[in-house]
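Q: prediction below, plus the sequence it came from.
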Amino acid sequence: MQLVLEKRAERSKTVALISPLIAIGLTIVTMTILFAVMGKNPILALYVYFIAPLADGYSLQEIAVKATPLVMIAIGLSLCYLANAWNIGAEGQFLMGAVAGSWIAVKTQGIEAGHWVLPAMLLLGAIAGALYALIPAICKVKFGASEILTSLMLVYVADLLLDYLVRGPWRDPQGFNFPTTAEFDPVATVPTLIEGGRLHLGSILALIVVAAGAVLLGKTIKGFEIRVVGAAPRAARFGGFNANQLILLTFAISGALSGLAGIIEVAGPVGHLQPGISPGYGFTAIIVAFLGRLNPVGILIAGLFLALTFIGGEQAQIAMKIPLDVTKVFQGVLLFYVLACDSLILYRFRIIFSAPQVARGTH
Amino acid sequence: MMKKNLLAAAAALLLAGGATSSAIAADKLKVGFIYLGPVGDLGWTYQHELARQAVVKEFGDKIETTFLENIPEGPDAERAVEQLVRAGNKLIFTTSFGYMDPTLKVAKKYPNVHFEHCSGYKRDKNMSTYSARWYQGRYIQGEIAAKMSKAGVLGYIGSFPIPEVVSGINATMIGAQTVNPNIKVKIIWVNSWFDPGKEADAAKALLDQGADIIMQHTDSPAAMQIAGERGKLAFGQDSEMIKFGPKAQLTSILDTWAPYYIERVKAELDGTWKSGDTWGGLETKMFEMAPYTNMPDDVKKTAEDTQAAIAAGKLHPFKCPVVAQDGKDVECKGGDHLADDQILGMNFYVKGIDDKLPGK
């Protein structure tokens, strides 16, 4: 008897629907066992992780704040990945957007510049992100350089540029030489939506980006081209679609969204430019993009869900003294099951009973 | 039937859990801690964790402590602090420089909660700051290093070129120059507080460049292990690292936060907590030196004498004149030594350091 994984003739629609549910079910079972072994009340723990953060306004706001950059970046990345263009450097584009937008904030500090400042920052952030993303895209199109490597390496360049600026020219003169700019002026700050909370305008922009992504992919010729170029390059060539042009386009959009997310994060929750503005958003967004199956609405859900596990994990540390490592195990287990269950969309298990031995024809 | 029982049990457990936690909240003082690294980093965060445990031991049932570990110094920090406030913590220690603005923001929002921020300079009515004059210990280490180095070259692993680290390098150099005016120092910045891989690489590179003593301003014991493997000497950082280099460790600057934490928690319990700034040194045991090991008795004697002189206020590591790299005397704003503000904002190298300060 043998258990084999067999490729399905076509994607199973049923499994595609229930696979996330199976994954969550398996995660809950695994974590229940783990919590029980640790001597923690598993039901309470799962409640603290999953339900408690959804039950109060403050945590909901924080989930939205955490998910905003992830979703915004992931939408852009999904366009790249659908077109078979592998932008791994969203983190660098995020930082470049943050740096470029901050330039306006730093230069207008203390001169009551007026309400044009924030829109200009957001615009410049998006442009800078797009231009920065175009570097690996052009290298790919012109010279055939692997965009995976070039885009990834440019992350460190952006990181060091930011580092240089906040330690050197942009350093807060009143800041005892610590590496940070001064706090941005109110006109250079992304407004919050609810008094006393951190939910900000960026979250609304993220929702608009999700909607725009859905329209682009679902309703426009460009969206169709992107999907065809990725799924069937030969067919796309016959159709006269220009794959190179699409690489440039998707990289530019992806870079613009990452850059926008970067300047929103700096001008919003952080409030000034400093090293470490991103706890790896550009990389986590890759997970979000795939977790959301490269679908805009899926990405929105995945981003919110990942944010929930962060917030829930913190609350579990506080309320139940569950160590951070367990939160990480929790996230790892969840991702593992989601991906494992997703493979059942394309494959299925089959049990093969070994055929009865036939006597060989020798005498 | 089975299902129903399970659900009922679940509900009961939930209710019970909720009830006990709210009962605790009513009569215990809740004290929260935010840590930069994992509690098992064996360096910076570990020392804060030891102090938290000391607080728990001191006050027992009168308090309940909670910590959040591995909180990056970015947009997540503010949420982490606020989560502790919302969980009912009335006194919160945020134990890294990068938590300064997030702590201040939350402090302004919750005027009835008290905050203690480590190593920053922004304060408020309900937000104190505290730090230690580690440069005193660095001066002693410089003296020891110069006496112990055969090559006359020290290897220094820096984290970030912020004033605390720069003043540490300068104090080391000034201490070393009292023994050997021609002492050299090689500096490698790893741009991280805790990255054992990078720290080990930096230690190897420094030894390869001819340094025979390793000093570090990063938090892991990786460099100590490398020095030990190569038969060279090193200084620990933050915590006692002798078990990582029994033949290598000369001494280590030990962060001893427990007395301060106990004092502040006691003040909170007594209702006498007031905002302030505490910058203590050897004289108040805000930090201590690990036993002087792997050195001859005369070197040990010198180190102990220097330590006693600093603790008694007779010796100041930044005694004027302090000569900067360009050969000019630094303005002496603190009488016969540099003023605290000058040390807290130090962004220049002293004469004798053949390197350029990043960002200058």
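A: Cool, got the structure. The structure displayed is predicted, hence computed values, not measured ones.
Q: does B:Ala107 really touch B:Asp124, like I thought?
A: Yes: with contact defined as CB atoms under 8 Å, B:Ala107 counts as touching B:Asp124 (5.1 Å). Any C-beta I mention is one placed from the backbone N, CA and C, and that applies to glycine too.
Q: so which of the two has more stuff around it?
A: Relative neighbour count places B:Ala107 above the other of B:Ala107 and B:Asp124, with 25 against 15, counting by other CB atoms under 10 Å in any protein chain shown.
Q: residue numbers of the stretch 151-300 of chain B in contact with chain A?
A: Within the stretch 151-300 of chain B, the positions adjacent to chain A are B:Phe160, B:Pro161, B:Ile162, B:Pro163, B:Val166, B:Asn191 by CB under 8 Å from any CB of the partner chain.
Q: same thing but at 6 Å, please
A: Contact residues, the stretch 151-300 of chain B versus chain A (CB under 6 Å from any CB of the partner chain): B:Ile162, B:Pro163.
Q: now do the same end-to-end measure for stretch A:84-93.
A: Start-to-end span of stretch A:84-93 (CA to CA, to the nearest Å) is 19 Å.
Q: what residues sit buried inside it?
A: For stretch A:84-93, a neighbour-count test (16 or more other CB atoms under 10 Å in any protein chain shown) marks A:Asn84, A:Ala85, A:Trp86, A:Asn87, A:Ile88, A:Gly89, A:Ala90, A:Glu91, A:Gly92, A:Gln93 as buried.
Q: same thing with stretch A:322-330?
A: Of the residues in stretch A:322-330, those buried (16+ other CB under 10 Å) are A:Ile322, A:Pro323, A:Leu324, A:Val326, A:Thr327, A:Phe330.
Q: could I get the full set of helices for chain B?
A: With helices called from DSSP state H, chain B shows them at B:2-27, B:44-59, B:75-86, B:100-109, B:134-148, B:163-177, B:196-208, B:222-229, B:258-270, B:297-311, B:340-344.
Q: what about the chain, any weak spots by pLDDT?
A: In the absence of a named chain, this looks at chain A. Applying pLDDT under 70 to chain A flags residues A:354-363.
Q: my bad, chain B
A: Along chain B, segments meeting pLDDT under 70 span B:1-26, B:359-360.
Q: next up, the contacts around A:Leu134.
A: Contacts for A:Leu134 were tallied using CB atoms under 6 Å, 6 or more residues apart in numbering or on different chains; they are A:Ala252.
Q: got the buried residues of stretch A:322-330 as JSON lines, with secondary structure and distance to A:Ser12 columns?
A: Below are the buried residues of stretch A:322-330 laid out as JSON lines (DSSP: H, G, I helix; E, B strand; the rest coil; distance: CB to CB, whole Å):
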{"residue": "A:Ile322", "secondary structure": "coil", "distance to A:Ser12": "36"}
{"residue": "A:Pro323", "secondary structure": "coil", "distance to A:Ser12": "38"}
{"residue": "A:Leu324", "secondary structure": "helix", "distance to A:Ser12": "37"}
{"residue": "A:Val326", "secondary structure": "helix", "distance to A:Ser12": "33"}
{"residue": "A:Thr327", "secondary structure": "helix", "distance to A:Ser12": "32"}
{"residue": "A:Phe330", "secondary structure": "helix", "distance to A:Ser12": "28"}
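Q: for A:Ala9, the count of nearby residues, please.
A: Applying the criterion other CB under 10 Å, we find 6 residues in the vicinity of A:Ala9.
Q: helix, strand or coil for it?
A: Secondary structure, DSSP: H, G, I helix; E, B strand; the rest coil: A:Ala9 is coil.
Q: tell me the buried residues in stretch A:171-190?
A: Residues of stretch A:171-190 classed as buried: A:171-172, A:175-185, A:187-190 (neighbour count, 16+ other CB under 10 Å).
Q: for the most centrally placed residue in chain A, what is the enclosing helix or strand?
A: By CA atoms, centre = their mean, chain A has its centre lying nearest to A:Ala285, at 1.6 Å. Per DSSP states H and E, A:Ala285 falls inside helix A:281-291.
Q: still on that earlier bit, what subset of the buried residues of stretch A:171-190 is also close to chain B?
A: Among these, the residues that sit close to chain B (CB under 6 Å from any CB) are A:Phe176, A:Asn177, A:Phe178.
Q: could the residues you listed go into a markdown table alongside distance to B:Leu250 and secondary structure?
A: Output for those, formatted as a markdown table (distance: CB to CB, whole Å; DSSP: H, G, I helix; E, B strand; the rest coil):
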| residue | distance to B:Leu250 | secondary structure |
| --- | --- | --- |
| A:Phe176 | 30 | coil |
| A:Asn177 | 29 | coil |
| A:Phe178 | 30 | coil |
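Q: and the closest residue in space to B:Asp336 that isn't next to it in sequence, what is it in contact with?
A: In space, and not counting its chain neighbours, B:Asp336 is closest to B:Cys320: 5.7 Å by CB to CB, 6 or more residues apart in numbering or on different chains. When contacts are counted by CB under 6 Å, 6+ apart, B:Cys320 touches B:Cys332, B:Asp336, B:His337.
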